[in-house]
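Chemist: Have a look at this fold, sequence not included:
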Ligand SMILES: NC(=O)c1ccc[n+]([C@@H]2O[C@H](COP(=O)([O-])OP(=O)(O)OC[C@H]3O[C@@H](n4cnc5c(N)ncnc54)[C@H](OP(=O)(O)O)[C@@H]3O)[C@@H](O)[C@H]2O)c1
């Protein structure tokens, strides 16, 4: 079983939520962590908390959708630590809105962040793992990667794409000793909803004939809060995936995530449609 001690793990989206909790947890277990996200102050504060001597942590601000930033993250990681052992592809956000109305540019940006940039960063990290014949990639997907809902299908389709990408990558890298897993969080209390609202409010404000359904959609999230998980629930799974010789293709948490995935497997498609239908 690979130990985390001394391993260099690059984490995207480390300025809040799941990425931040993952960084803390992995660092506690002895990993050297590279923190990336756009908000520099948040990263610097977390880096200082994790290791005030700056020996085992590196905070690199940048936007994952910018090619030069992704390259700088990898180059500076190698310059400081000389190696990369793992990549936690966690940065992401959700664009919502009726398919009829959501601007295609907003769709593109959501795919650019959650899928294309994740893929491009993975391409930069992979040669270092593959050539050493060791290493691990953990993608943060979502239950939404298996269950798409009305008014959420843009975000949900980015996570569906990540499911396929993960499976292909896992098979491609197996002969080279590089492990790949995907984690499907359910609803976790983070800044995700705030970020989704910031991206989606301008769309939702112009929802026209779909407007009567928005409150039902938001109510669904309010109900989910009652069973929501903590970022640590997911950080724990990241640790399990990184430290397993043969990690599972998928992990999910908390309990309601497993339950929804079970329902998806169990229920006929039409019944699932009824469960996820628009409500006023
Ligand atoms: N919370 C949930 O219920 C839930 C459920 C299923 C899946 N997930 C997935 O979990 C992952 C983490 O989300 P979270 O819940 O922890 O939400 P969060 O608190 O909003 O964290 C998202 C992270 O992504 C970073 N990020 C977003 N856009 C970026 C960009 N263009 N460049 C660089 N970094 C960027 C943010 O940092 P900056 O803003 O500082 O750049 C932040 O650190 C996401 O992939 C999300 O889809 C979350």
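Modeler: On my side now, so go ahead. Keep in mind it's a predicted model, so treat the numbers as computed, not measured.
Chemist: How far does the one helix or strand in the chain whose mean pLDDT sits lowest sit from its chain's centre?
Modeler: Every helix and strand in the chain was compared by mean pLDDT, DSSP states H and E; the lowest is helix 214-225, with a mean of 90. Distance, stretch centre to chain centre, for helix 214-225: 22 Å (Cα atoms, centre = their mean, to the nearest Å).
Chemist: buried stuff in that helix?
Modeler: Buried residues in helix 214-225, defined by neighbour count with 16 or more other Cβ atoms under 10 Å: 214, 217, 224. For every residue, glycine as well, the C-beta is placed using N, CA and C.
Chemist: now, among those, which is nearest to the ligand?
Modeler: residue 224 (8.0 Å; Cβ to the nearest ligand atom).
Chemist: residues contacting the closest one?
Modeler: Contact partners of residue 224, counting by Cβ atoms under 8 Å, 6 or more residues apart in numbering, are 186-187, 256.
Chemist: rerun at 10 Å
Modeler: 186-189, 193, 256 (Cβ atoms under 10 Å, 6 or more residues apart in numbering).
Chemist: What of residue 159?
Modeler: Residue 159 is in contact with 92, 94, 114-115, 139-148, 152, 182, 184, counting by Cβ under 10 Å, 6+ apart.
Chemist: quick one: pLDDT of it?
Modeler: Looking at residue 159, its pLDDT stands at 98.
Chemist: again, but for residue 4
Modeler: Note for residue 4: predicted pLDDT of 97.
Chemist: again, but for the one 3 residues further on
Modeler: Here the pLDDT value assigned to residue 7 is 98.
Chemist: isn't it right next to residue 88, touching?
Modeler: No. Counting by Cβ atoms under 10 Å, residue 7 does not reach residue 88; the two are 11.6 Å apart.
Chemist: ok, those two, which is more surrounded?
Modeler: A direct count of neighbours by other Cβ atoms under 10 Å for residue 7 and residue 88 places residue 88 higher, at 29 against 23.
Chemist: Surely residue 54 and residue 33 touch.
Modeler: No. The pair residue 54 / residue 33 is not scored as a contact, 11.8 Å apart, by Cβ under 10 Å.
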